[in-house]
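Student: give me coordinates for this.
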Amino acid sequence: MKVLNIGVTLIVLAAFTANITLATEKPEIKAKVAMKEIASWDGTPYKSYLQGQPQLTILEITIPPHTALPWHQHPIPNAAYVVSGELTVEDRLSGKSLKVSAGQAFAESVNSSHRGVTGDEQAVVIVTYSGVEGTPLSLPDKGEKVEFEHVE
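Tutor: This is a model prediction of the structure:
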């Protein structure tokens with residue numbers, strides 16, 4: 001029995017020592033810029049921010065396959081990162097479009113009518129809004145529904 005206990009003790013001690021060694025190694029922390037812009041995806045430069053209490057909002061938006069969001073505008077700068085699927089952003093006035101896939105980010109337009117359209121699979125998009133308290137994130141174009149009805 002003592003031989004078994006010594007063997008078990010040695011195994012536990014070896015595992016503990018291995019964990020200490022791993023814990024003392026410095027992990028490499030990486031940062032990658034997904035997007036850094038001073039203009040929206042269509043080249044329109046951003047203007048100065050509104051005055052007031054800053055408010056940051058991050059939404060995770062899930063858009064079903066074969067869905068066109070309503071035409072809308074954003075009164076504040078925002079940026080989007082596509083987590084999964086793909087999304088085609090369409091500008092209503094110019095007809096320009098931009099297709100973004102999982103792992104890509106884009107700067108959204110401000111005060112310009114646009115919408116997102118999904119393909120054969122749902123798209124999950126993280127959108128960050130940099131605004132002022134009380135300012136809506138999105139405004140529907142005349143005759144259109146709101147962009148998202150259920151914000152939790």
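
Student: okay, CA-based contacts and neighbour counts for the rest of this
Tutor: Fine.

Student: show me where this protein has its strands.
Tutor: For the chain, the strands defined by DSSP state E cover 54-63, 72-73, 78-84, 86-91, 97-101, 105-107, 114-118, 123-132, 139-140.

Student: and the third one, average pLDDT?
Tutor: Mean pLDDT, strand 78-84: 98.

Student: again, but for stretch 112-121
Tutor: 97.

Student: what about that stretch, start to end distance?
Tutor: 26 Å (C-alpha to C-alpha, to the nearest Å).

Student: same question for stretch 73-84.
Tutor: First-to-last distance for stretch 73-84 - C-alpha to C-alpha - comes to 23 Å.

Student: same question for stretch 129-143.
Tutor: By C-alpha to C-alpha, one end of stretch 129-143 lies 24 Å from the other end.

Student: and if you look at stretch 77-88?
Tutor: Start-to-end span of stretch 77-88 (C-alpha to C-alpha) is 19 Å.

Student: again, but for stretch 91-109
Tutor: 9 Å.

Student: looking at the protein, which helix or strand is least sure?
Tutor: helix 2-24 (a mean of 49; mean pLDDT, DSSP states H and E).

Student: now do the contacts for the residue most central in space within the chain.
Tutor: The residue lying closest to the centre of the chain (C-alpha atoms, centre = their mean) is residue 126, at 2.5 Å. By C-alpha atoms under 8 Å, 6 or more residues apart in numbering, the contact list for residue 126 reads 58-61, 80-83.

Student: how about residue 67?
Tutor: With C-alpha under 8 Å, 6+ apart, residue 67 has these contacts: 117-119.

Student: neighbour-wise, which one of those leads?
Tutor: residue 118 (21 neighbours; other C-alpha atoms under 10 Å).
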